[in-house]
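Novice: sharing a model that was predicted from the sequence below.
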Amino acid sequence: MSIFHLIYASTAAPDLKPVDLERILDASVRNNKRSNITGMLLYIEGTFLQALEGDEAAVTGAYRRIEGDPRHQGLVVIQSSPIESRSFPDWSMGFKYLGVEELSKRDSYRNHINNDFYSKVRDLKPDTALAMLREFSI
């Protein structure tokens, strides 16, 4: 089976609450296990950055569900392509909530912090987005 991955960014609905994040994560873990999808989700100051990896049809189907979820707005695909191996093989859905203060402690991300964080994330180069997801999955 070939591996496919998709990395996207989106903004959270303005009324998103912590319990909504828990529900998103719970549903993602459940659905991804069933579909053999692995990945990582970062939530940073109202911005989602997520990688999904697995069978292309399964990943595309998961992304379509996300597109229809009103908790996500302004979805932008950063990369969708075949890959040689999974970046998150042990995570049906890794998750990390990052605040600006934690992000600002890392020199490589300090320049991404401003009032329009989403615009910085959605414009990340694919390698940078994947590196960011990997770095915070540890």
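Specialist: Noted; the coordinates are in hand.

Novice: touching, residue 121 and residue 43? I think so.
Specialist: No: counting by C-beta atoms under 8 Å, residue 121 sits too far from residue 43 to count as a contact (11.0 Å). Quick note: C-beta positions are derived from backbone N, CA and C, even for glycine.

Novice: please say which of these two ends up with more neighbours.
Specialist: residue 121 (24 against 20; other C-beta atoms under 10 Å).

Novice: tell me if the more buried one really is in a helix.
Specialist: Yes: with DSSP: H, G, I helix; E, B strand; the rest coil as the criterion, residue 121 is assigned to a helix.

Novice: mind starting the numbering at 36 from now?
Specialist: Sure, I'll start counting at 36 from here, so that last one is residue 156.

Novice: not counting sequence-adjacent ones, nearest residue to it?
Specialist: Once flanking residues are discounted, residue 156 sits nearest to residue 44: 4.6 Å by C-beta to C-beta, 6 or more residues apart in numbering.

Novice: then residue 112?
Specialist: Per C-beta to C-beta, 6+ apart, closest to residue 112 is residue 43, 5.0 Å.

Novice: now residue 100
Specialist: residue 66 is the one closest to residue 100 (C-beta to C-beta, 6+ apart), at 7.6 Å.

Novice: quick check: residue 44 vs residue 90, distance?
Specialist: Applying C-beta to C-beta, to the nearest Å, the value for residue 44 to residue 90 is 23 Å.

Novice: noted, bye for now.
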